[in-house]
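J.: A predicted structure for the sequence below; I have some questions about it.
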Amino acid sequence: MNSTSPIRPREAIAALPTYAAGKPPVPAEGLTPYKLSSNENPLGPVPAAAAAAAEAQALHRYPNPGAEVLRAELARHLQVPVEDIVTGTGSLGALTQIINTFAGTSADGTADEVIYPWRSFEAYPIVVRTAGAKDVTVAVTETGEHDLEAMAQAITERTRVIMLCTPNNPTGPALRHQAVEEFLTKVPSDIVVVVDEAYLEFVRSEDPVDGLALYRKYPNVVLLRTFSKAHGLAGLRVGYSISQAAITEHLRKAAVPFGVSAVAEAAAVASLQNLHEVHQRVEEIVEERQRVAAALAEAGWQIPTTEGNFVWLPLGAESLDFAQLAGEQALAVRAFAGEGVRVTIGEPEANDRFIQLCRTYRSTPGTD
């Protein structure tokens, strides 16, 4: 590539961080490689969903423009109006639609502001800055939780969107419903509040956020959900948002037509129709998460309470070193340089190998 090319992107694009997807594991002699870097569901989709995807017909035809069949099934399942659901290519696609609709650069050239916790989902700054908006980050606490008071204090007349991530990716803690209710009373009604619930099904904490209750009570709340995690359909990219008509009437204008493929829609509908099996698989992962967290605590590690399908190791400067050692054990983990390492709950053998690495890690930052 010619680095002296006169072709240049927009300034905002040139300055963007690059999204770093979880890398696959590197094989090691005598060890089965495992990918624990992308928070994927190791159990995969339920059989009915896999069959529906395999049997999808008419691939030469365009899919439903707005995934109408899936939205109808979601509306029935969630007991919400079908018009309140807008689908997207994964929850990230749905989020991109929200930000593009409600935050950007005003006619006078001033950037709107979007508040979100940090560290949180690494795509947030990319989506915000691509839209031309300014991101306002509020540091999470030492235990990896949202600082809701500081987020409320960060609101200005330029604030257009606030994002809450529960459970927070990559640190793990989930918000409490009462705390979010109290926070929403401090937010002006013309500011859109996005509650990112990508890992909703894995939450087992006391007083979990009832997103549907918030959406019904507050017209400025948008719920963000996905079929990538609990449903094991990450490869098909199906997500959606739920909000009242005051938001969806504008949101549909930014929605990408045919954003959900016919194959993805068929699989997602089948998964919804077999939720008991989805929940069984989620429970298996939750039990493994609890086993892993207990083993780390026994080994002396102090990690944030996790309610997702992953754990967070607050390794700081040792993060890349730990990730390299994990790689030598044929385990791909997600390191955030200078901050920590996120490790997905995977197959039992992978989890056992990860636990053993944590027991023998030479410096174990974040331990007693």
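T.: Yep, it's here.
J.: Residue 193 sits in which helix or strand?
T.: Using DSSP states H and E, residue 193 falls within strand 192-196.
J.: now the strands for the stretch 101-250 of the chain?
T.: 113-118, 134-139, 159-165, 192-196, 221-226, 239-242 (DSSP state E, counting those that start in this stretch).
J.: nearest to residue 314, of these?
T.: With distances scored as C-beta to C-beta, the stretch of the strands of the stretch 101-250 of the chain nearest to residue 314 is strand 134-139 (13.6 Å). (Each C-beta comes from the backbone N, C-alpha and C, glycine too.)
J.: mind checking which of the strands of the stretch 101-250 of the chain is nearest residue 275?
T.: Taking C-beta to C-beta as the criterion, strand 221-226 is the member of the strands of the stretch 101-250 of the chain that comes nearest to residue 275, at 13.6 Å.
J.: quick one: average confidence on the closest one?
T.: Across strand 221-226, pLDDT averages out at 98.
J.: centre of the chain versus that strand, how much separation?
T.: Going by C-alpha atoms, centre = their mean, to the nearest Å, the spacing between the C-alpha centre of strand 221-226 and its chain's C-alpha centre is 11 Å.
J.: returning to that earlier point: may I have the strands that pair with the strand holding residue 193, each with its orientation?
T.: strand 159-165 (parallel), strand 221-226 (parallel) (DSSP bridges).
J.: Highest mean neighbour count out of these?
T.: Ranked by average neighbour count under the criterion mean count of other C-beta atoms under 10 Å, the strands paired with strand 192-196 are headed by strand 221-226 at a mean of 26.
J.: Contacts for it, please.
T.: With C-beta atoms under 8 Å, 6 or more residues apart in numbering as the contact definition, strand 221-226 has outside contacts at 90-91, 94-95, 98, 184, 192-198, 200, 211-212, 214-215, 238-243, 247.
J.: ok, now which ones touch residue 319?
T.: Contacts for residue 319 (C-beta under 8 Å, 6+ apart) come out as 313, 335, 336, 337, 338, 339, 340, 341.
J.: what's across from the second one in the sheet?
T.: Read it as residue 335. Listed by DSSP bridges, the beta-bridge partners for residue 335 are residue 341.
J.: Return the residues in contact with it.
T.: Contact criterion C-beta under 8 Å, 6+ apart gives 319, 320, 322, 323, 341 as the residues in contact with residue 335.
J.: Any regions of this protein where pLDDT drops low?
T.: Across the chain, the stretches falling below the confidence threshold (pLDDT under 70) are 1-4, 9, 12, 14-22, 362-368.
J.: Identify the single longest helix in it, thanks.
T.: When the chain is scanned for its longest helix (criterion: DSSP state H), the result is helix 275-298.
J.: elements contacting that one?
T.: Helices and strands in packing contact with helix 275-298 are listed as strand 310-313, helix 348-360; criterion 3 or more C-beta pairs under 8 Å, 6 or more residues apart in numbering; DSSP states H and E.
J.: buried set for that helix?
T.: Neighbour-count burial for helix 275-298, with 16 or more other C-beta atoms under 10 Å as criterion, is recorded at 277, 278, 281, 282, 285, 286, 288, 289, 292, 293, 295, 296.
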